[in-house]
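**Q** could you look at this predicted model? Sequence included:
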Amino acid sequence: MTEIEAKLRRLKPEVADQYTRLFLLLQDVLDEAQLSRWSDLCWLLADAGWHGWETTHDYLALSLDLADDPERLLAIGEYCSLLVGTSFEPGRTYLRGVSDLVQARDFRGLSVIEQTGKIIVERFQHASNLHTAFLKTAFLVGLDQDQDLLSAWCRFAALNASLERAALLEFLSLSEAAPQQNWLLLAEIAECHRDNAVAYLAFAAKIRYAVAPVEQPLAALVLAYSKRQHGIDQWLDALGRTLPLLKESDARILVELTEPLNSVTLATALAETAIKLPLNKVEVMNAWLESRPPVEHEKVIAAYLKLESAQSEQRLQELMGQVQLHEEQRQLQLFAEAMSGTRLKIEAGEGLPTSDGQVVRLPARIDLHQEREDNYRWLKTALTHQLGCYEFGTFDYTRGNSYVAFDDQFRSYEQPMLAEALFTICEAARVDWQLARRYRGAAQDLEQVKAAAAQDRPSVALSQRHQLLEVMVRYSLDAIPSAALTECGFLDCFLEKHLAEAALNLCEVMDRLKSDMASVQTSMDVMASCYFIVSFTPIEVKPLAPVMYRGVIPFDDASINLQLTALEDMDPDFTENDEDGVQMTGTTDEANPNIDELQAGEVENPTAVISVDEDILVPDDLEQLDDPAGLKKMERLKQERKEPAETTYRYDEWDYVIEDYRRRWCTLFEFRSLEQDVDFVPNTLSEHRGLATKVRRQLNMLRPELLRKVKGVQDGEELDLERAIEAVVDRKSGVSPSDNIYVQRQRKERDVAALFLLDMSASTDDLIEVEPTVHVENDDDYLHGFASVADEPDKERGKTILDLEKESVVLMAEALEGLGDSYAVCGFSGYGRDRVEFYVCKDFDEPYNYQAKGNIGGIKPCRSTRMGPAIRHASKMLAATESRIKALIIISDGYPQDYDYGQDRNSKDYGVKDTTRALSEASQQGIQSFCLTVDPSGHDYLREMCPDQQYMVMQDITQLPDELSKVYRGLTS
Amino acid sequence: MLKTETTPYYLPLGDEVEIFLTAYAQQLPVLLKGPTGCGKTRFVEYMAHRLFKGENSDEIRRAVSEPLQTVACHEDLSATDLVGRFLLQGDETVWQDGPLSRSVKDGSICYLDEIVEARKDSTVLIHSLTDHRRILPVEKQGITLSAHPNFLLVISYNPGYQNVLKDLKPSTRQRFIAIDFDYPDEEQEAGVIAHESGVGEQEAVDLAKLGARVRNLKHHGFDEGVSTRLLVYAGQMMVKGVAPIRACEVAICKAVTDDADVQQAIGELVRSIFPA
């Protein structure tokens, strides 16, 4: 026994045995020196540390396989010995990797792995885990891959090795997760910008399948950016979110489009918006990109790419042929009113077109077709169809006293859902045919829309029931010439032969709906016949695909709402007075209760009613079961009418950075009822009696200047000298003189509308320091009034800025009532662009009554000061008055400010610039504006904001009431 | 001026013809109320023809050369314009009768269209003519004319569109038999349009349909909807070969309103009713 064997035996007998066996084997192959070295190595490895014998064990196993290549065997052993300094693990991993290579007899990659391994071992001497990780990953990468790739990877690894340990670990774990990469490229990238390479590696690993189709161009881009030392984290982040959602072709186009942008910021912007863009329409995309602003400033272009600027959105829409409902809303509203003669409102809604007797909801955006014209045609036809239901009496259907006539009728069938589905098809068909008959223009539109709808119909794998329903739908779309049925060729694609006769019957029955006299009752009758034909087919729970332009209509809801509207028109207090609700009575035959006709409370004795018919489909809303006549439903709808929804408005906002509007950026909520404070106005008036009189006097001075001279009238106070002379001349020359030789003072009417806009921001809650020094020059009650407040500082809390603003407005209002000018009082505040709050205390045509006074009193400090949308809304109100003189008076205490008023929260510029813009828009509409502020630094921004310097900074806020009336006089005479 | 040969076309909507004939027989003045372009003037022409040239005439009336004097009233219309004035003709001063005096003397119908527009001193004249005295004071001549038995005063008035200041005073209103006019219903209006413009039946029906729809928009800046007259104009354009949609655009959309949205809405209506 050799020495080594003995040592091994002490360590682990099995290993010793293994050693012995191999020793004998190798004796024949290795020469003396080699053998000796080999033995030494075996011991070296075993002795290295804890569990070293495991390494030896592996080496011995390897020796068996490598017996024929002694040099290599020894080299491997030498290398392994370098690894086992700290722990046996790296060695083992190494040997395992090698043994895999041995199987393949391909040692090409080994040297580069060893080289790189050496570097790592030297750099991180004791980090055995790191060594292990490296080796494991290295062999993994090398497995079945190209030699060059492995080298590239090793280069990459070496690069990471020159950094910190964490970096290397990160790299190794990413590599392990996805060993098959384009390492050549990655190494190249890494050489320019290591972080980018790692980021890209992580990105590619995470969404492999999404990246695969665009791998090459994408990597090329990454390389380009890396060469320019631009970080790509954000861009990859955005892509990571977007790419999985895109189709392959779209993804390719996205990358193609990104390339010419030459900037990571812009690439990121494009990636973020990608989902909203019609990537599949390449010409559209190219044209849209070409229209981007040709400026240096990247932020501007980024905003364009993110569809945040009005210009960008508009351009895209133009190119897309999209139709936005909100742009057509007013015309369509008027069109609807004219067509139907009712007050139906048009609103945007989710899903299919629908209407409920009060509102018609249409999709907010229509982009079904390429061309704008076609999209608009679809929209108009969808609307016309909805209106047609009203015109052609869809909702006239009644069934006894029930409020839910339709529901009741459907439930009288064994399969109510089928009945409903059939009726829907029949009625829609009838309405469309009536429309075509009555409106020749609409008929042409309908033809096209129907044809398009017919193209989109499903035709494969339909259940029997659906096949028959589909026949009906297509017939209603005029897509089935009846001859086709008898030949059955046309419908072969989806209609089973044995159903052909039923289909033919259905079409024949539906013909009745084409008649001029067809009414909703006809539809019900036709439905009954169709039911008879269709009901034998197996039940199908899934609904058939709807015809989109026809939408969905809740028949009973609409019917009830129409009835309520009619009742309201007759008696406006109807919805208030609940006692007018209708009483329902009914009798039931106890011996044979018909479940479908039972009404609540009718079954006297507890009777168990067992349903044996499994074909009754359970109604979707169980509400129906205990509300058979729809009484509850009617009450609910009645309730809903009493609560008008909050009206919201959307306004654009001007962004001076991109020099364009951000479309529909702000949402403004208009409130017409506030928490009332009924004491405020009387208190103010009693406190400032003197001041009130003064203000009123000042405004009354406006009156006498209202007469103007009109020349050349038939009677007046004075002679119009010119014309009088002409008359004499005429008379002398034998021509009949004119009678119009006088001058008259005619009463010119004041045609003024003024809106007072109060800033309700939180800062107005600050207290005013009351001036203690007061000089009594004359009997001016004004000063006395304030002096008395100063004397009692402890009595109340003291006045806030907002209090004083309110007081001034109250005094103005009182005086204006006497003058007869039309005026409104509003306040604004809010938080953020999605919640600008606008309070209307008193509108122009509302009287200055109890409620208005209470509203003004109830104004409280709120939050921020986003002036732009408030001014735009106020301008809209003023413009609607159509007065000759329109005045907007803004009372504020600071500059426009909101948490997202501009990207930079601390900068005032955005807000000031947007407000400036809003005021200039107002000015273009003929509205004169004036800003009154108590902010001592007001000059700084008001100079810029207000057109023609129409502003005033008040030194002493107690002057507010006085100044206000002066301003008013100035603006309105 | 009344064309004496042919009876003016007028489609009675109710019993207005009988009422007018009765009022005339009783020498009661008549007030025609209604929106513009719904047939008031045509009605008066028709009645004048019937009474003076047609089936209800008699010898005396047939002899009258001008059975109908129409005066379109405006802000500057004064009593002088209605009654008459002295004119200089060379060296002489000659009295010239106004339309009202002529009518009073001749015994014909005097029709004051849109009386509310006229100056107040002219409405005063009406008072004396419209009570049982039936006299017309001519201050400048210092005489008082007594109305011929065949004389009748007819005034018209459009209640919708003026503002409150220009309403008829109750003391004036209560001297007249009032006949209300309004646009005919679709069927009747189609007949009128067809007759007046010569356009085919289908087009006439469609024009009437359009009229009814546009009138649903009464509250949006044009208080009366579209008058029958405009629909007739559109028909006349169509007869001469203008495409229906274009004819309606020029005769109706652009004429009744300046609001771009309303114009477009009406345009959409037209496109729904008339095929391209």
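**A** Perfect, I can see it now. Numbering: from 1, shown residues only, chains lettered A, B, ... in the order given.

**Q** residue ranges for the helices of the stretch 101-250 of chain A, please.
**A** A:110-123, A:128-142, A:147-161, A:165-177, A:183-192, A:194-206, A:208-211, A:215-227, A:233-242, A:248-258 (DSSP state H, counting those that start in this stretch).

**Q** comparing those helices, which comes out most buried?
**A** Comparing the helices of the stretch 101-250 of chain A by mean neighbour count (mean count of other C-beta atoms under 10 Å in any protein chain shown), helix A:128-142 comes out on top with a mean of 23. C-beta coordinates here come from the backbone N, C-alpha and C atoms, glycine included.

**Q** of the helices of the stretch 101-250 of chain A, which is nearest chain B?
**A** helix A:248-258 (35.7 Å; C-beta to the nearest C-beta).

**Q** who's in contact with the closest one?
**A** Defining contact as C-beta atoms under 8 Å, 6 or more residues apart in numbering or on different chains, one finds that helix A:248-258 is touched by A:210, A:213-214, A:217-218, A:221, A:242-243, A:246, A:266-267, A:270-271, A:274, A:279-280, A:282, A:285-286, A:289.

**Q** what's the first helix or strand after that helix?
**A** helix A:264-273 (DSSP states H and E).

**Q** other SSEs contacting that next one?
**A** helix A:215-227, helix A:233-242, helix A:248-258, helix A:298-305 (3 or more C-beta pairs under 8 Å, 6 or more residues apart in numbering or on different chains; DSSP states H and E).

**Q** so that helix versus helix A:298-305, what angle?
**A** 20 degrees (axes from the mean of the first three to the mean of the last three C-alpha atoms, to 10 degrees).

**Q** helix A:264-273 to helix A:233-242, inter-axis angle?
**A** Using the same axes, to 10 degrees: helix A:264-273 against helix A:233-242 is 20 degrees.

**Q** after helix A:264-273 comes which helix or strand?
**A** Taking DSSP H and E, what comes next after helix A:264-273 is helix A:282-290.

**Q** give me every residue in the stretch 51-200 of chain B lying close to chain A.
**A** B:76, B:78, B:80, B:85, B:86, B:87, B:88, B:89, B:90, B:91, B:119 (C-beta under 8 Å from any C-beta of the partner chain).

**Q** ok so, going back, now distance to residue A:445 and mean pLDDT too, for the helices and strands packed on helix A:264-273, in CSV please.
**A** Compiled in CSV, the helices and strands packed on helix A:264-273 are given as follows (distance: least, C-beta to C-beta, whole Å; pLDDT from 0 to 100):
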stretch, distance to residue A:445, mean pLDDT
helix A:215-227, 44, 83
helix A:233-242, 38, 85
helix A:248-258, 32, 85
helix A:298-305, 36, 84
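
**Q** so which of these gets nearest residue A:177?
**A** Closest of the helices and strands packed on helix A:264-273 to residue A:177 is helix A:233-242, at 15.1 Å (criterion: C-beta to C-beta).

**Q** centroid residue for chain B?
**A** Residue closest to the mean C-alpha point of chain B, counted by C-alpha atoms, centre = their mean, is residue B:41 at 2.7 Å.

**Q** which helix or which strand is home to that one?
**A** Taking DSSP H and E as the definition, residue B:41 sits inside helix B:40-52.

**Q** quick one: end-to-end length of stretch A:715-723, please.
**A** With C-alpha to C-alpha, to the nearest Å as the measure, stretch A:715-723 spans 13 Å from end to end.

**Q** need the mean per-residue confidence for it.
**A** The average pLDDT within stretch A:715-723 is 87.

**Q** so is that stretch next to chain B?
**A** No. Stretch A:715-723 is not in contact with chain B by C-beta under 8 Å from any C-beta; minimum separation 9.1 Å.

**Q** ok, now stretch A:539-559?
**A** No. Shown here: stretch A:539-559 not in contact with chain B (C-beta under 8 Å from any C-beta), separated by at least 14.9 Å.

**Q** the residue nearest to the centre of chain B and residue B:70 touch, don't they?
**A** Yes. Residue B:41 is in contact with residue B:70 according to C-beta atoms under 8 Å; the separation is 7.3 Å.

**Q** OK, now which residue of chain A is nearest to chain B?
**A** For chain A, C-beta to the nearest C-beta, closest residue to chain B: residue A:334, 3.4 Å.

**Q** which residues sit in contact with that residue?
**A** B:217, B:220, B:261, B:262, B:265, B:266.

**Q** what about it, which SS state?
**A** Using DSSP: H, G, I helix; E, B strand; the rest coil as the criterion, the local structure at residue A:334 reads helix.

**Q** return only those of the contacts of residue A:334 found close to chain A.
**A** B:217, B:220, B:261, B:262, B:265, B:266.

**Q** quick one on the thing from earlier: which ones are touching the residue nearest to the centre of chain B?
**A** B:70, B:111, B:113, B:156.

**Q** could you pull out the strands for chain B?
**A** B:30-33, B:68-72, B:84-89, B:92-97, B:109-113, B:135-138, B:143-146, B:152-157, B:177-180 (DSSP state E).

**Q** lowest average confidence across the ones you listed, which one?
**A** strand B:84-89 (a mean of 84).

**Q** direction included, what does that strand pair up with?
**A** Partners of strand B:84-89 in the sheet, by DSSP bridges, are strand B:92-97 (antiparallel).

**Q** report the buried residues of the strand it pairs with.
**A** By 16 or more other C-beta atoms under 10 Å in any protein chain shown, the buried positions in strand B:92-97 come out as residue B:97.

**Q** next: stretch A:536-554.
**A** A:537, A:540, A:544, A:546, A:547, A:548, A:549, A:550, A:551, A:553.

**Q** which SSE is the closest residue in space to the third one that isn't next to it in sequence in?
**A** It stands for residue A:544. Spatial nearest neighbour of residue A:544, excluding adjacent residues (C-beta to C-beta, 6 or more residues apart in numbering or on different chains): residue A:469 at 4.9 Å. Taking DSSP H and E as the criterion, residue A:469 maps to helix A:464-476.

**Q** which residues touch that helix?
**A** Outside helix A:464-476, the residues that touch it by C-beta under 8 Å, 6+ apart are A:418, A:421-422, A:425-426, A:428-429, A:432, A:454, A:457-459, A:462, A:480, A:485, A:491, A:494-496, A:499, A:502-503, A:506-507, A:510, A:530, A:533-534, A:537-540, A:542, A:544, A:547.

**Q** now that helix, how far from the centre of its chain.
**A** 37 Å (C-alpha atoms, centre = their mean, to the nearest Å).

**Q** so the closest residue to residue A:667 other than its chain neighbours, which of the three states?
**A** With sequence-adjacent residues excluded and distances taken as C-beta to C-beta, 6+ apart, residue A:667 is closest to residue A:834, at 5.0 Å. Assigned by three-state DSSP, the conformation of residue A:834 is coil.

**Q** what pLDDT does residue A:834 get?
**A** 86.

**Q** do I have it right that it meets residue A:668?
**A** No. Residue A:834 lies out of contact with residue A:668 (C-beta under 8 Å); the separation is 9.7 Å.

**Q** pull up the overlap in contacts between residue B:41 and residue B:70.
**A** Joint contacts of residue B:41 and residue B:70 (C-beta under 8 Å, 6+ apart) are B:111, B:113.

**Q** which residues of the stretch 251-400 of chain A lie near chain B?
**A** Residues of the stretch 251-400 of chain A lying close to chain B (C-beta under 8 Å from any C-beta) are A:330-335, A:337-341, A:380, A:384.

**Q** wait, I meant chain A
**A** So chain A meets chain B at A:330-335, A:337-341, A:380, A:384, A:438-445, A:714, A:730-731, A:734-737, A:739-740 (C-beta under 8 Å from any C-beta).

**Q** ok, of those, which come out buried?
**A** A:330-335, A:337-341, A:380, A:384, A:438-445, A:714, A:736-737, A:739-740.

**Q** go through stretch A:339-350 and flag the buried ones.
**A** Buried, per 16+ other C-beta under 10 Å, within stretch A:339-350: A:339, A:340, A:341, A:342, A:344, A:346, A:347, A:349.
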